[in-house]
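K.L.:
Build me a model from this:
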Amino acid sequence: MKKYILLVAGAIIISSCNSNTSKQASEQADSANVAVNAEEAPVIKFKQDVYDFGKIQEGQKVSFDFEFVNEGKSPLIISDASATCGCTVPEVPQEPILPGKEGKIRVVFNSTGKSGLQDKPITIRANTVPAETVVRLIGEIVK
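P.N.:
Numbers count the residues shown, from 1 in each chain. Take a look at the predicted model:
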C-alpha cells in the first residue's frame, strides 16, 4: 500500500512539473508571437504632431488636418480618436491605410466660451504598438 501511495504521489509531482514546463513553453511562444506581431504592426508617423493655431478671437473655429503615413508592414486601422472636451472634434479615416500610404485626421476646435492659452490633446487609438498616439492643438484665445 505504501508503494502505491508513493507511486501516485510521484506521478502527481511529475505531471505538475510537466504542466509548468508546458505552460512556460506556451508563454514563451506567446511572447515570440507578440514580438513578431509588433514587428509586423502598422506604424503611424505624423508629419506634424503639434499644430499651433496662434492667436484667435473667442468664438472662432480652427480646423487642421494631421497628415500621417503608415510606415509599418500591415494595414493601419484607426478605431477611434477623442479629445478631452467637446470643443475639439476629430474625424478619422474609416478605411484601412495600407503600408506606405498617407491619410489624415481632421480636427476642428471651437473656441466659443474659451479664453487664454489652450492645449488640446487628441488621443488616437489604432492597431499600432503602442495602441495610442497623441497629437495636440495649441494656441491662444483673446477676447
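K.L.:
for this protein, what spans make up the helices?
P.N.:
Counting by DSSP state H, the segments of the chain that form helices are 2-40.
K.L.:
so where's it shaky on pLDDT?
P.N.:
For the chain, residues meeting the criterion pLDDT under 70 lie at 1-36.
K.L.:
In it, what residue spans correspond to strands?
P.N.:
Using DSSP state E, the strands of the chain run over 44-46, 50-57, 61-70, 78-83, 88-91, 102-110, 116-126, 132-142.
K.L.:
residues in contact with the third one?
P.N.:
Translated: strand 61-70. 42-49, 51, 53, 56, 76, 97-111, 122, 135, 137, 139 (C-beta atoms under 8 Å, 6 or more residues apart in numbering). No exception for glycine: its C-beta is placed from N, CA and C like everyone else's.
K.L.:
if you set the cut-off to 7 Å instead, what comes out?
P.N.:
Residues outside strand 61-70 that contact it (C-beta atoms under 7 Å, 6 or more residues apart in numbering): 42-48, 51, 53, 56, 76, 97-110, 135, 137.
K.L.:
Quick one, which of these are buried?
P.N.:
Among the contacts of strand 61-70, the ones that count as buried by 16 or more other C-beta atoms under 10 Å are 42-44, 51, 53, 56, 76, 97, 103-105, 107, 109-110, 135, 137.
K.L.:
what's the most distant pair in these?
P.N.:
Farthest pair in the buried ones among the contacts of strand 61-70 (C-beta to C-beta) is Pro42 and Ile56. Separation: 34.2 Å.
K.L.:
Could you tell me how many residues sit around Val92?
P.N.:
Neighbour count of Val92, defined by other C-beta atoms under 10 Å: 20.
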